[in-house]
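S.K.: no sequence on hand, only this structure:
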């Protein structure tokens, strides 16, 4: 892993650009190390410093001071799709959120709460962050490859921690760092219910990052991106380990996500419909086989029980919040006492924050990004990996999370748009593209 990461080329830029790139890459790496900063009255300063948001804030401040000429002078080299996706439509969404807030203030006397204010500020921040990342990606393909590698290989860090935890008697030492999860029996790499978390504050966070890595890895392995039998075998093993981690996380959304992404990849690259169907069936059986193999060894995985459980069923939660969309005001603690239970659906959350028109705006943003990915003149492994990763995020966030204001959504959207614009420019002026590969 470290050898591959050291091959990242950010030396094409002057020193101040390299600092920006490395800060951004480390922030993306920290997306999977999403440690809970506070629990009850306790506050973990180290955990707060190791949050990706902290580093992305440094990136924005640094970029605003030291790269402002590059970012703002040339403003935006793009067509309407990029402008709409990155700036215009997100700003319109913010406007409708303010309208909904004013409506609540007038009708209910409620202006905001701390959670809502945090989400709102997060959206504004990531609109600006996405714009900056897009500008750097547009003019430096090496930065694009670096980000893709970080997304691809970050789960290796989790695998390393898992092997250390399982093999070496380091429980007391590692738990003393207070970075792991208390599952009721002490600190561990798993949380309540035996669900894999490693450092993440929630199993779903680990599952989303692993899904992105899986999506990026698919075209590399199966479209000739890895040469040599040894490398291909090692990469296939890595792909299997990603599936194992997703199953162990107990995330229903992630399991559906990798199945959807895999079938999308199969149908996009298969030679015939019969071959596509056969490959899809083989894939499903393979996932079931890995699942069964893990269960035979007595591991406690709760994915199947969580699919059938009615205690936190998504349909019940969704129906509850859909009824409240037109009110534009909700109490997230009303469903379960003492717990903030959100809508667990990014589309519903957008509608609650910005109304039905805001939801349409968000859907149009997603449509533009998919359009840019599908109409990319150069559909290489990297471009396809970005599009599959974006699809994985959409499926995952259909069961939880949010779009505008989420770092994964923002960064991968910027990747797709910058890649689209760069390839479109090469194609328009008939310029030979430099060959860039991930592995």
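M.R.: Done, it's in. If you're wondering where the values come from, they're calculated on a predicted model, not measured in any experiment.

S.K.: for this structure, just list every one of the strands.
M.R.: Per DSSP state E, the chain carries strands over the ranges 38-39, 42-43, 181-182, 187-188.

S.K.: what mean pLDDT does the second one have?
M.R.: Per-residue pLDDT values over strand 42-43 give a mean of 64.

S.K.: likewise the first one?
M.R.: The average pLDDT within strand 38-39 is 59.

S.K.: go on, the last one?
M.R.: Here the mean pLDDT over strand 187-188 is 66, rounded to a whole number.

S.K.: give me every residue that touches the residue nearest to residue 213 when sequence neighbours are not counted.
M.R.: Once flanking residues are discounted, residue 213 sits nearest to residue 155: 4.9 Å by Cβ to Cβ, 6 or more residues apart in numbering. Yep, even glycine has a C-beta here, placed from its N, CA and C like the rest. The contact partners of residue 155, by Cβ atoms under 8 Å, 6 or more residues apart in numbering, come to 32, 209-210, 213, 241-242, 245.

S.K.: contacts for stretch 394-404 next, please.
M.R.: 90, 93, 119, 123, 126-127, 204, 207-208, 211, 251-254, 256-257, 260-261, 314, 342, 344-347, 349-350, 362, 365-366, 406, 409-410.

S.K.: in helices, which of these appear?
M.R.: 90, 93, 119, 123, 126-127, 204, 207-208, 211, 252-254, 256-257, 260-261, 314, 346-347, 349-350, 362, 365-366, 409-410 (DSSP state H).

S.K.: what distance do you get for the residue nearest to residue 213 to residue 92?
M.R.: Distance of residue 155 to residue 92, computed by Cβ to Cβ, to the nearest Å: 36 Å.

S.K.: again, but for residue 317
M.R.: Going from residue 317 to residue 92 by Cβ to Cβ gives 28 Å.

S.K.: ok, residue 52 next?
M.R.: Counting by Cβ to Cβ, the gap from residue 52 to residue 92 is 27 Å.

S.K.: go on, residue 203?
M.R.: Per Cβ to Cβ, residue 203 is found 34 Å from residue 92.

S.K.: more neighbours, those two?
M.R.: Between residue 203 and residue 92, counting by other Cβ atoms under 10 Å, residue 203 is the more crowded of the two (26 against 18).

S.K.: gap between that one and residue 123?
M.R.: Distance, residue 203 to residue 123, using Cβ to Cβ: 25 Å.

S.K.: do the same with residue 165
M.R.: In this view, residue 165 and residue 123 are 36 Å apart by Cβ to Cβ.

S.K.: who has more neighbours out of these two?
M.R.: Shown here are residue 165 and residue 123; by other Cβ under 10 Å, residue 123 has more neighbours (21 against 17).

S.K.: I'd say that one and residue 95 touch.
M.R.: No: Residue 123 is beyond contact range of residue 95, at 11.5 Å (criterion: Cβ atoms under 8 Å).

S.K.: related to what we said a few turns ago, buried subset of the ones in helices among the contacts of stretch 394-404 as a PyMOL selection?
M.R.: For the buried members of the ones in helices among the contacts of stretch 394-404, the matching PyMOL selection, counting by 16 or more other Cβ atoms under 10 Å, is:
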select buried, resi 90+93+119+123+126+127+204+207+208+211+252+253+254+256+257+260+261+346+347+349+350+362+365+366+409+410
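
S.K.: what sits against residue 318?
M.R.: By Cβ under 8 Å, 6+ apart, residue 318 lies in contact with 343-345, 348.

S.K.: mind doing that once more with 7 Å?
M.R.: Going by Cβ atoms under 7 Å, 6 or more residues apart in numbering, residue 318 touches 343, 345, 348.

S.K.: then residue 254?
M.R.: Applying Cβ under 7 Å, 6+ apart, we find residue 254 in contact with 207-208, 210-211, 246, 396.
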